[in-house]
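[1] Structure for the following, please:
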Amino acid sequence: MIQELRESYGNQFEEGLLAEIAQVGTFREVPAGHKLMEIGEYIKGMPLLISGVIKILREDSEGDELLLYYLEQGDTCSMTMSCCMGQSRSEIRAIAETDARLIMIPIRKMEEWTAKYRSWRNFVFESYNNRLNEMLQTIDSIAFMNMDERLVKYLKDKARVNEDNTIRNTHQEIAYDLHSSRVVISRLLKKLEQMGKIELHRNYIQILDL
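    Down below sits the predicted model:
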């Protein structure tokens, strides 16, 4: 575990902190599609992502989802931090976008490390700032972008985090993430295909020129 920590967080954390994380952290491997956190659950630990991608979703009163942001290698979830520090229930759903490897940090250590390690404090504040900026981008896209623009951004982000121009999601799954309907998403995807931007296949979407 310590070597993987050095590779992912060695440029952020001092050796003493890395050693403590390795001592108290719990290593987990999760497959794509696995639900790591559910809305309403009490959070028992904070994830440090070693590899893979996790998507963070919000849910409205009617049960419809909205994609907030992705977590990638070297990231953690600031909303999880908030719930941990306040010992409150989770307000987000976390699902592995790809196969992922992570280390779960016990809640009791978070406050201790904030006082003990400057690098941990900086990491926490930077994580809050990064996730806030990503949520603001999501709000901006909802408020100021048309659905076709939001769809293009979504496909680009998917391709980037997965490092693959093949999008293996159904039209319904994309509609859930964008808080839209399958009919609307299918129509816009067909329009993008007619423009030569993508190719639609039975089980996947191939990005050509977005």
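[2] need the contact list for the nearest residue to Asn162 once chain neighbours are set aside.
    The shortest distance from Asn162 to any non-neighbouring residue, by CB to CB, 6 or more residues apart in numbering, is to Thr98 (6.2 Å). From N, CA and C alone the C-beta is placed, and that goes for glycine too. Applying CB atoms under 8 Å, 6 or more residues apart in numbering to Thr98 gives the contacts 32, 52-53, 161-162.
[3] do Ala100 as well
    Ala100 neighbours (CB under 8 Å, 6+ apart): 29-30, 32, 49-54.
[4] Now with 6 Å, please.
    By CB atoms under 6 Å, 6 or more residues apart in numbering, the contact list for Ala100 reads 30, 52, 54.
[5] one step back: quick one: secondary structure of the residue nearest to Asn162?
    coil (DSSP: H, G, I helix; E, B strand; the rest coil).
[6] Determine the longest helix present in the protein.
    Counting residues, the longest helix found in the chain (DSSP state H) is helix 118-144.
[7] immediately after that one, which helix or strand?
    Later in the chain than helix 118-144, the nearest helix or strand by DSSP states H and E is helix 147-162.
[8] mind listing what's buried in that following helix?
    147, 150-155, 157-159, 161-162 (16 or more other CB atoms under 10 Å).
[9] Domains of the protein: list them as residue ranges, please.
    For the chain, automatic domain parsing gives the domain ranges 2-143, 145-207.
[10] for this structure, what are the low-confidence residue spans?
    Scanning the chain for pLDDT under 70 picks out the ranges 78-87.
[11] Ile50 should be in a strand, yeah?
    Yes - looking at Ile50 with three-state DSSP, it is inside a strand.
[12] shift numbering so it begins at 56
    Yep, numbering from 56; the last one is Ile105 now.
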